[in-house]
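In: Following is a predicted model, sequence given first.
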Amino acid sequence: MLGMAGSAVADVCQTTGTLTEAVGTVLVDSGQGFANASVGASLKGGDVVSVHGAGSAVVDFGSDRTVMVPGSTTTALQVPGCGLAMDSSTGLAIGAVAIGGGIAAAVALSDNGSGNGFIFPVSP
């Protein structure tokens with residue numbers, strides 16, 4: 001089951017998005033240096049979007065997954081549902097693989113009938 005979840009996360013991470021809104025000066029660096037961006041441009045996770053001054057940029061990755069970059073901001077695009085997520089209550093970054101590993105550890109530790117006490121599983 002975790003293998004299937006990992007595959008689904010990988011598919012989400014490969015999704016390209018479309019720049020659907022570019023207000024003000026919007027630049028994109030896809031690995032070749034910054035260039036002016038226009039609505040309709042194809043972007044992917046890791047591309048760097050920079051909005052100079054007032055304005056904003058919106059990238060749509062489909063399935064109700066959009067990323068908004070506010071004015072006076074430069075950021076590397078993170079495809080929603082892919083990679084690290086920030087836990088706002090603790091400030092910790094949590095990866096999709098870490099979440100899956102946590103679920104597996106919880107299942108392994110929930111075997112109360114083993115009589116082994118607490119066992120911390122370690123991946124080989």
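Out: Yes, it's here.

In: Quick check: Thr18 touching Val59?
Out: Yes. Taking contacts as Cβ atoms under 8 Å, Thr18 lies within contact range of Val59: 6.9 Å. Every C-beta, even on glycine, is put in place using the N, C-alpha and C of the backbone.

In: between the two, what contacts are shared?
Out: The contact sets of Thr18 and Val59 overlap at Leu43 (Cβ atoms under 8 Å, 6 or more residues apart in numbering).

In: Neighbour count for those two, which is higher?
Out: Val59 (28 against 15; other Cβ atoms under 10 Å).

In: per-residue confidence averaged over stretch 60-70?
Out: Stretch 60-70 comes out with an average pLDDT of 94.

In: So for it, first residue to last residue, what's the gap.
Out: Length of stretch 60-70, first residue to last, Cα to Cα, to the nearest Å: 15 Å.

In: Give me the contact list for that stretch.
Out: Here stretch 60-70 makes contact (Cβ under 8 Å, 6+ apart) with 15-18, 20, 26, 49-51, 56-59, 75, 77-81.

In: Can you tell me which of these are buried?
Out: Neighbour-count burial (16 or more other Cβ atoms under 10 Å) applied to those gives 15, 17, 26, 49-51, 57-59, 77, 79-81.

In: Quickly name whichever of the residues you listed is closest to Ser42.
Out: Of all the buried ones among the contacts of stretch 60-70, Gly17 has the smallest distance to Ser42: 7.4 Å, by Cβ to Cβ.

In: Could you pull up the residues touching the closest one?
Out: Per Cβ under 8 Å, 6+ apart, neighbours of Gly17: 42-44, 59-62, 67, 77, 79.

In: Apply 6 Å and report the result again.
Out: 43, 59-61 (Cβ atoms under 6 Å, 6 or more residues apart in numbering).
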